[in-house]
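Q: no sequence on this one, just coordinates:
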């Protein structure tokens with residue numbers, strides 16, 4: 001399976017469509033009736049995803065209960081939000097705002113960073129290369145931070161002027177946080193505390209950022225900002241737009257609309273941790289709805305295994321009663337499926 005070097009159809013920027021004043025969205029963004037946010041079974045009785053004070057892991061009196069809260073969240077819902085995570089609130093605000101400023105730069109500034117399906121790095125408006133696919137109502141920017149040999153500041157926007165400095169600082173904080181949570185998850189799985197970090201490649205992990213821009217949409221009940229999918233990587237740290245809810249997480253036959261706590265970071269399990277944990281922890285489908293009155297900006301940071309390492313269930317979690325559920329595969333092989341097909345639920349894990 002190879003990625004083509006270019007997109008199958010001319011790229012149309014969703015932000016340009018939104019700003020053109022149209023009152024009807026083009027057919028290529030209209031989802032089938034059963035996939036629309038206005039369809040039945042889009043609500044849930046669960047009020048929100050768990051909120052966890054991560055500072056508890058450093059308090060002898062709270063450590064055990066905090067570890068259990070994280071374990072329960074990883075086993076049951078795959079999503080939780082953390083506060084007291086150590087990332088300065090002002091840095092979080094600046095990181096979101098420099099990207100909002102980028103998306104409001106003139107089109108010629110943004111087009112200089114237009115991406116292709118081979119790496120996805122840069123300014124984009126679609127996922128997957130299926131010709132005639134129904135598209136999502138969003139633009140995005142994708143960039144690499146780790147490994148260092150993939151970090152190319154020339155591919156990061158030069159405007160606004162503060163962006164490269166702010167995102168470098170924010171990236172350092174997220175990578176630190178990734179190490180903390182991998183250790184917690186390893187302990188909770190009954191593995192050595194460095195097991196998952198080593199399985200990810202030790203200090204040689206992958207870290208990449210996808211900034212999502214969801215423009216105002218004149219018919220938000222007919223489309224989605226991002227179709228249902230689980231994240232193919234290891235773990236995702238989402239800096240949400242707290243002013244405009246949009247993330248929805250699958251809960252049975254329904255969807256929870258996440259209400260972010262102020263300056264929280266939303267964490268979700270990716271497919272690679274589902275594989276390593278032999279499905280003790282599960283990645284969970286999620287999607288994004290759009291809004292007719294307000295745009296949204298969110299930053300999804302993916303903390304991933306080194307791309308050429310084989311990922312397979314931990315031997316300690318494989319028993320005669322619970323054999324290995326997944327074959328060994330490198331992350332490179334795995335994400336090529338996603339890059340070719342686009343977001344398709346959890347089909348990449350053999351789940352419908």
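A: Done, it's in. Since the model is a prediction, treat every value here as computed from it, not as a measurement.
Q: can you give me the strands for the stretch 51-200 of the chain?
A: In the stretch 51-200 of the chain, strands defined by DSSP state E, counting those that start in this stretch lie at 51-53, 79-83, 122-124, 139-146, listed in chain order.
Q: Now mean pLDDT, mean neighbour count and distance to residue 161 too, for these, in CSV please.
A: Using the backbone N, CA and C atoms, a C-beta is placed for each residue, glycine as well. As requested, those are exported to CSV (pLDDT from 0 to 100; neighbours: other Cβ atoms under 10 Å; distance: least, Cβ to Cβ, whole Å):
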stretch, mean pLDDT, mean neighbour count, distance to residue 161
strand 51-53, 98, 17, 35
strand 79-83, 97, 22, 31
strand 122-124, 98, 22, 18
strand 139-146, 98, 22, 16
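Q: any chance of these in JSON lines, with distance to residue 110 too?
A: Written out in JSON lines, the entries for these read as follows (distance: least, Cβ to Cβ, whole Å):
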{"stretch": "strand 51-53", "distance to residue 110": "35"}
{"stretch": "strand 79-83", "distance to residue 110": "30"}
{"stretch": "strand 122-124", "distance to residue 110": "5"}
{"stretch": "strand 139-146", "distance to residue 110": "8"}
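Q: Which residues in the top helix by length along the chain does the neighbour count mark as buried?
A: In the chain, taking DSSP state H as the definition, the longest helix is helix 163-188. Applying a neighbour-count criterion of 16 or more other Cβ atoms under 10 Å, one finds 163, 166-167, 170-171, 173-175, 177-179, 181-188 buried in helix 163-188.
Q: Give me the angle between that helix and strand 79-83.
A: Here helix 163-188 runs at an angle of 110 degrees relative to strand 79-83 (axes from the mean of the first three to the mean of the last three Cα atoms, to 10 degrees).
Q: Centre of the chain to helix 163-188, how far?
A: Computed by Cα atoms, centre = their mean, to the nearest Å, the chain-centroid distance of helix 163-188 equals 14 Å.
Q: could you check the angle strand 139-146 makes with that helix?
A: Orientation of helix 163-188 against strand 139-146 (the same axes, to 10 degrees) gives an angle of 70 degrees.
Q: Check which helices and strands helix 163-188 sits against.
A: With contacts defined as 3 or more Cβ pairs under 8 Å, 6 or more residues apart in numbering; DSSP states H and E, the packing partners of helix 163-188 are helix 63-76, helix 89-103, strand 139-146, helix 195-199, strand 206-214, strand 235-239, strand 296-304.
Q: what about the fourth one, distance to the chain center?
A: Taking the mean of its C-alpha atoms, helix 195-199 sits 21 Å from the chain's own mean (Cα atoms, centre = their mean).
Q: picking that back up, ok, which of the helices and strands packed on helix 163-188 comes nearest residue 245?
A: For the helices and strands packed on helix 163-188, distance to residue 245 was read as Cβ to Cβ. The smallest value, 8.6 Å, belongs to strand 296-304.
Q: Just list what the closest one packs against, helices and strands only.
A: Secondary-structure packing of strand 296-304 (3+ Cβ pairs under 8 Å, 6+ apart): helix 89-103, helix 163-188, strand 206-214, strand 235-239.
Q: could those go into TSV alongside mean pLDDT?
A: As requested, the helices and strands packed on strand 296-304 are exported to TSV (pLDDT from 0 to 100):
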stretch	mean pLDDT
helix 89-103	98
helix 163-188	98
strand 206-214	98
strand 235-239	98
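Q: ok, back up a step: would you turn the helices and strands packed on helix 163-188 into a markdown table with distance to residue 6?
A: Shown next, in a markdown table, are those (distance: least, Cβ to Cβ, whole Å):
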| stretch | distance to residue 6 |
| --- | --- |
| helix 63-76 | 39 |
| helix 89-103 | 23 |
| strand 139-146 | 16 |
| helix 195-199 | 35 |
| strand 206-214 | 20 |
| strand 235-239 | 28 |
| strand 296-304 | 24 |
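Q: nearest residue to residue 66 other than its sequence neighbours?
A: Nearest in space to residue 66, with sequence neighbours left out and distances taken as Cβ to Cβ, 6 or more residues apart in numbering, is residue 56 at 3.3 Å.
Q: can you count the residues close to that neighbour?
A: The criterion is other Cβ atoms under 10 Å. On that basis, residue 56 has 17 neighbouring residues.
Q: Now do the contacts for it.
A: If you count contacts by Cβ atoms under 8 Å, 6 or more residues apart in numbering, residue 56 has them with 62, 63, 65, 66, 69, 84.
Q: And those residues, which of them are buried?
A: With neighbours counted by 16+ other Cβ under 10 Å, these contain buried members at 66, 69.
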